[in-house]
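Q: here are the coordinates; sequence isn't available:
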């Protein structure tokens, strides 16, 4: 079956612009996670959805970052007033339940802020 | 600050040797431990998970967990060039944050023919 998909695969934007990153989880997976990975580092947790609600958003770095999952499937990560420090690979993962085992990652969106 | 520490390497081993990758974690409440493999330019892929103290074997991979020492390791037997990748250790905080993984920075492994 289809895995986790993310679009776009690459996004280049200018400092100060608004961007949206999309994640389409594996069908039937109730849990969805966003991580951010900078070069040479491990993924850093941003937010976790169980169904439509954000169960844990403690990793969002500031109020410029926001994520939604209105129908409990596709999720969108939104970044306002982008900064060069936001440049990273944004990874989405999903799992059948809220347990970490079986967490499958998408290919990521590489965001570059110029 | 919950931390997961790994030696960034690179770790270089000859083909056929045993590669040993190590990880320590700071949160004694951690319940689940994972090893991910990440090829350059690709996303992480889960290869092993372990919950209980001791060893868990899956093919050429063995995960070892010692909660008292807050230490988890991954052994790769009969290493192959295709095992060359970055290996990420990850810890699940448990409690109400199931699934929220804290990752180490990764260890770069190179297996040379």
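A: Nice, I can see it. Predicted model, so just to flag it, every value in this text is computed and none were measured. Residues are numbered from 1 along each chain as shown, chains lettered A, B, ... in the order given.
Q: Tell me which residue is most central in chain A.
A: Centroid-nearest residue in chain A: residue A:34, 3.4 Å away (criterion: C-alpha atoms, centre = their mean).
Q: what about the residue of chain B found nearest chain A, how many neighbours?
A: As assessed by C-beta to the nearest C-beta, chain A sits closest to residue B:103 within chain B, at 3.1 Å. From N, CA and C alone the C-beta is placed, and that goes for glycine too. By other C-beta atoms under 10 Å in any protein chain shown, the residues close to residue B:103 number 23.
Q: Hmm, residue A:33 and it touching each other?
A: No: counting by C-beta atoms under 8 Å, residue B:103 stays clear of residue A:33, with 11.8 Å between them.
Q: Distance from the lowest-mean-pLDDT helix or strand in chain A to the middle of the chain?
A: One helix or strand of chain A scores below all others by mean pLDDT, DSSP states H and E: strand A:53-56, with a mean of 89. The chain centroid and the centroid of strand A:53-56 are separated by 13 Å under C-alpha atoms, centre = their mean, to the nearest Å.
Q: Would you indicate which residues of it are buried?
A: A:54-56 (16 or more other C-beta atoms under 10 Å in any protein chain shown).
Q: Next, see if the very next helix or strand once past it gets close to chain B.
A: Moving toward the C-terminus from strand A:53-56, the next helix or strand (DSSP states H and E) is strand A:65-68. No: Strand A:65-68 lies apart from chain B when judged by C-beta under 8 Å from any C-beta of the partner chain; the minimum separation is 14.1 Å.
Q: What strands flank the helix or strand following strand A:65-68, and is each parallel or antiparallel?
A: Sequence-wise, the next helix or strand downstream of strand A:65-68 (DSSP H and E) is strand A:75-79. Taking DSSP bridges as the criterion, strand A:75-79 forms sheet pairs with strand A:19-24 (antiparallel), strand A:65-68 (antiparallel).
Q: how many neighbours does residue A:96 have?
A: 14.
Q: my bad, residue A:59
A: Number of residues near residue A:59 (other C-beta under 10 Å) recorded here: 17.
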